[in-house]
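Asker: Predicted model, plus sequence, below.
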Amino acid sequence: MKLQLQLDEQHSEKIQYLQRHLNINFDLLIQQGIDLLYEKQCQSSPVVKILQETGFIGCIAGESLLSENYKEVIDLEYKL
């Protein structure tokens, strides 16, 4: 993707500062910024983080005896 930006003076100075202190080019700076924002957005929920750390797969609502008759209730044809 090709981008064309117009930045105000403040953001231009911030980019120049980051380029000098991180010793990276503009393209890499933008890529890393996008990655950080994406990561923050996707992992902002503490619930998601907990579920990922515990290896949680999923859940469903069902009857109280589901652990005994789950094969009749759940369609296992699409299991991984």
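Answerer: Received it, and whenever you're ready, just let me know what you need. It should be emphasised that the depicted structure is a prediction, and the values quoted were computed from it without experimental measurement.

Asker: contacts for stretch 14-22?
Answerer: For stretch 14-22, the external contacting residues (C-beta atoms under 8 Å, 6 or more residues apart in numbering) are 7, 24-26, 29. Where you see a C-beta, it was placed from the backbone N, CA and C, and this is true even at glycine.

Asker: Which two among those residues are spaced furthest apart?
Answerer: 7 and 24 (17.1 Å; C-beta to C-beta).

Asker: So for those two, which residue has more residues nearby?
Answerer: Remark: of residue 7 and residue 24, residue 24 carries more neighbours, 14 against 10, as counted by other C-beta atoms under 10 Å.

Asker: residue contacts, the more buried one?
Answerer: 18, 32.

Asker: Where does residue 30 sit: helix, strand or coil?
Answerer: Using DSSP: H, G, I helix; E, B strand; the rest coil, the structure places residue 30 in helix.

Asker: May I have the predicted confidence score for it?
Answerer: Confidence at residue 30, expressed as pLDDT, is 92.

Asker: Now stretch 6-13 - C-alpha only, CSV.
Answerer: Taking Å, rounded to 0.1, in the frame of the first residue of the first chain, the C-alpha atoms of stretch 6-13 are listed here in CSV:
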residue,chain,number,x,y,z
GLN,A,6,0.4,15.6,5.5
LEU,A,7,1.5,16.1,9.1
ASP,A,8,1.4,19.1,11.3
GLU,A,9,4.7,20.4,12.8
GLN,A,10,4.3,18.6,16.1
HIS,A,11,3.8,15.2,14.6
SER,A,12,6.6,15.8,12.1
GLU,A,13,9.0,16.5,14.9
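
Asker: May I see the buried residues of that stretch?
Answerer: Buried residues in stretch 6-13, defined by neighbour count with 16 or more other C-beta atoms under 10 Å: none.
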